[in-house]
Every structure is written in C-alpha cells, then in structure tokens.
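**Student:** missing the sequence, but the structure's below:
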Ligand code: HEM
C-alpha cells in the first residue's frame, strides 16, 4: 500500500473526511477548507508530490539536521537539568511536549517564548484529524487555531524573505535551482503540516520511549550504563509503541490486497502499528527488546512519502534519553502513574507520564 502510489493515493482523504461535516460547515470553516484544499507533500501523489518534496527536502538535508544537534543538546539540558532530584514530574507536559515544540519554533525561526502557542495549535489540528469521524466542535477549534497560526506564519515568512537566516523556513522560501518555489498558500500549509507532523509525533515518541524502558528496568539499566544504546532503544520504541498508528490512502483502481477486494475510490487504512508487530518479520514481536536485530519497521512509513523528519527525530530522541539517564539514572514510574492515551486514531500518545526522579 505504501510503496504503490499509483494504486493508493495520498490525495482526497481529507476532502472526504470534511465531506462528512454538515453542509453549513463550509461557511464557518474557511481556513480549514483552505488548508486541506492546498497541496502539500502529505496529500499529493507523483508528479505533484515529487515537485513539492524536492522543494521541502532541501530544508531537511543531512547538513541542516546535523546543525540542529547542538540546539537539541542545549534544549535537553536546559529542560532536564532544571528538574529537581526526588520530585515527581509529569514527563509529558514538562519535557516531551515542550521540547519538540521548541525545536519546531527554532526551525521556523520563531522566538522560543512562543513555544506554548505552537503546542496549542498543534493539539487542535491533531484532535480534529485524528477523531474517527469529524466533529464540528473540533473543526471550529481547528479553524481558530489555523486563523492564528496563519497570521503568525505570514509574519515569519515575510521576515524570512526579507532577512533570511539559517533556519528551515528561510530555506523553504528560497527558490530552488530550477527557479521553482512554493506559493504563499503552499508555504503556509506546509508549515502547518510540519508543525503537527513534527511536534505530536516526536512528543509521543519521547513519552513512550521513557515508559517502555522504565517498564523493563533491565533495559533501562542497559541504556544507563551504556549511553550508546539510546538509539537502539529509540528504534525498538518506534516499532513496539510507535507514535503513528495508521496511514490513510484512497484506492485509485479496483485492487486486491491479501484476498480483500478494495474498490476504486474506497478509503484504505494501513495500521503500521500492527505491521510493526508482524511475527513473520519480527521474532518474538510482542516483546520489547532493545537488543533485537534491527529489521526495518514501518514507523516512518515507506516509499515516496517516507517521513521527512525521520532523521531529526532519530537525532532528538536519543539525546533526550541520554540526558535523562545520565542526570537521573534511578528514575522510576511514580505509583500514581496510570497508562492512558489521548483519544486519537492516528497518533498514539500518553496523556501523562508521572516519574519519580532519582540520581
Ligand atoms: C517520531 C517521530 C515521527 C514519526 C513516527 C513520523 C511518522 C511519519 C509517517 C508514518 C509518515 C508517512 C505518512 C504517509 O505515508 O502518509 C510521515 C511523513 C511525514 N513526516 Fe513524519 N514522523 C515523525 C517526525 C516528523 C518530524 C519531526 C517532521 C518535521 C519536522 C515530520 C514531517 C513529516 C512530513 C512533512 C511528512 C510527509 C512526507 C511526504 O508525504 O512526502 N515528521 N511521518
């Protein structure tokens, strides 16, 4: 499904989703319709996708990502060094959410003080698109967030054009070598996509990573004594309890998938969270084991839509884990912790993660 965009389209899912809202929604949700009606990497197929991806990919080159290492190191130590030994904290609200939101603010060249704004906008967008059927009250909330975010982004875009810096947005507004560039609407919708694709996912990864390791104390101890294992722990968390559970497509032709007939125009949901526990691919798939052989998991998708932010997340998450295990090596789950996830069918993220911090 992921490797055949000629059979399974990335386009059209949102318009069907919006089509389930009452007719009068049209007039009260102009920004929601405009956003989902604008072509971005995640809702197009080749050749449109190829054009957009070529432009956006420049902002995610290995050189750009590597340059972010220092910022991630600094942010992690600011957030984690400030925590107090012996205290009980909520890892989700105190570290896992603010850190990637700050990274996105930096990528867009926004002041870090505005991080909370990013968290709120991102939450509203994710809540609407992640519910089983579209809900008007969530759509109205997203409309408000899109109005505010669009206005905010217009200012940032104007600044990036006038006074380009080293950030992702400055690269994004530049023309490519062949003179191609994103239109203003494409630019804004791309930034909105980057915000929710990059924030919620990484935040959820930081939470499930910490949870899975603390639930398997022997593996937590391994990472604590050998920080080089942090990346293996991240990969295993992506497989075992990944932040994105499903991928949406629309069939472009009648097609048969493992004996199931899919008709042209039907929606198809690929549950990558389930594929990641396929016993035919992963030995003892139901157990969390950071020492397992690294077979490719599908957490970042596959094929032409493979996640643009994968390298950034793979850079961020091990650094945060190394800071936590170095500063508070005897951390444990607080007795008050209970495992509850936010209500969302695409993104899987803990509501809170109570930790007792110990050196
Ligand atoms: C652990 C963190 C992340 C996970 C698990 C994740 C997961 C995914 C998945 C599964 C897809 C494929 C969707 C599809 O095929 O329809 C995807 C695409 C995408 N991701 Fe991520 N993502 C993460 C982090 C990020 C970050 C940090 C950014 C940007 C700052 C980002 C930006 C994107 C974009 C722009 C796409 C669309 C690419 C395309 O359609 O060509 N992601 N991501």
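**Tutor:** Thanks, I have it. In this text, all values refer to a predicted model and were calculated from it rather than measured experimentally.
**Student:** quick check: residue 129 touching residue 17?
**Tutor:** Yes. In this structure, residue 129 sits in contact with residue 17. The criterion is Cβ atoms under 8 Å, and the distance is 7.3 Å. Where you see a C-beta, it was placed from the backbone N, CA and C, and this is true even at glycine.
**Student:** how many residues are close by whichever residue of the stretch 151-300 of the chain sits closest to the ligand?
**Tutor:** Here the residue of the stretch 151-300 of the chain nearest the ligand is residue 198; by Cβ to the nearest ligand atom that distance is 2.8 Å. With neighbours defined by other Cβ atoms under 10 Å, the count for residue 198 comes to 24.
**Student:** in a helix, it, correct?
**Tutor:** Yes. Residue 198: assigned to a helix according to DSSP: H, G, I helix; E, B strand; the rest coil.
**Student:** how about it: what's its closest non-neighbour residue?
**Tutor:** What sits nearest to residue 198 in space, not counting adjacent residues and going by Cβ to Cβ, 6 or more residues apart in numbering, is residue 309, at 5.0 Å.
**Student:** where does the stretch 151-300 of the chain dip in pLDDT?
**Tutor:** Scanning the stretch 151-300 of the chain with the threshold set as pLDDT under 70 gives 176.
**Student:** pretty sure residue 323 is in a helix, no?
**Tutor:** Yes. When three-state DSSP is applied, residue 323 is found to be in a helix.
**Student:** would you check that it makes contact with residue 82?
**Tutor:** No. Judged on Cβ under 8 Å, residue 323 makes no contact with residue 82 at a distance of 11.2 Å.
**Student:** compare neighbour counts for these two and give me the winner.
**Tutor:** With neighbours defined as other Cβ under 10 Å, residue 323 and residue 82 compare such that residue 323 has more, 22 against 9.
**Student:** need the pLDDT of that one.
**Tutor:** Residue 323 is assigned a pLDDT of 97 by the prediction.
**Student:** and for residue 77?
**Tutor:** Here the pLDDT value assigned to residue 77 is 93.
**Student:** who are the neighbours in contact with it?
**Tutor:** With contact set as Cβ atoms under 8 Å, 6 or more residues apart in numbering, residue 77 has these partners: residue 323.
**Student:** surely residue 205 is in contact with residue 235?
**Tutor:** No. Here residue 205 does not reach residue 235: they are 10.7 Å apart, not a contact under Cβ under 8 Å.
**Student:** who's more crowded, the two?
**Tutor:** For residue 205 versus residue 235, the count of surrounding residues by other Cβ under 10 Å is larger for residue 205: 27 against 20.
**Student:** residue most distant from the centroid, the protein?
**Tutor:** residue 259 (32.0 Å; Cα atoms, centre = their mean).
**Student:** what residues does the stretch 101-250 of the chain put near the ligand?
**Tutor:** Selection of the stretch 101-250 of the chain residues close to the ligand by Cβ under 6 Å from any ligand atom yields 193, 194, 197, 198, 201, 202, 205, 242, 243, 244, 247.
**Student:** could you rerun that using 8 Å?
**Tutor:** The stretch 101-250 of the chain comes close to the ligand at residues 103-104, 107, 168, 190, 193-194, 197-199, 201-202, 204-205, 238, 242-244, 247-249, as judged by Cβ under 8 Å from any ligand atom.
**Student:** can you confirm residue 16 is in a strand?
**Tutor:** No. In this structure, residue 16 is helix, not part of a strand, as judged by three-state DSSP.
**Student:** make sure it is actually in contact with residue 250.
**Tutor:** Yes. Residue 16 is within contact range of residue 250, at 7.5 Å (criterion: Cβ under 8 Å).
**Student:** for residue 213, list the residues it contacts.
**Tutor:** Taking Cβ under 8 Å, 6+ apart as the criterion, residue 213 is in contact with 219, 220, 223, 233, 237, 290, 321.
**Student:** make it 10 Å
**Tutor:** By Cβ atoms under 10 Å, 6 or more residues apart in numbering, the residues touching residue 213 are 219-224, 230, 233, 236-237, 288, 290, 321, 324-325, 331.
**Student:** what's the helix or strand for it?
**Tutor:** Using DSSP states H and E, the element containing residue 213 is helix 184-215.
**Student:** quick one, the next helix or strand after that helix and helix 184-215 angle?
**Tutor:** Going down the chain from helix 184-215, the next helix or strand is helix 217-225, by DSSP H and E. Compare the direction of helix 217-225 with that of helix 184-215 by axes from the mean of the first three to the mean of the last three Cα atoms, to 10 degrees and you get 110 degrees.
**Student:** picking that back up, residue 129 and residue 17: who's more crowded?
**Tutor:** Remark: of residue 129 and residue 17, residue 129 carries more neighbours, 22 against 18, as counted by other Cβ under 10 Å.
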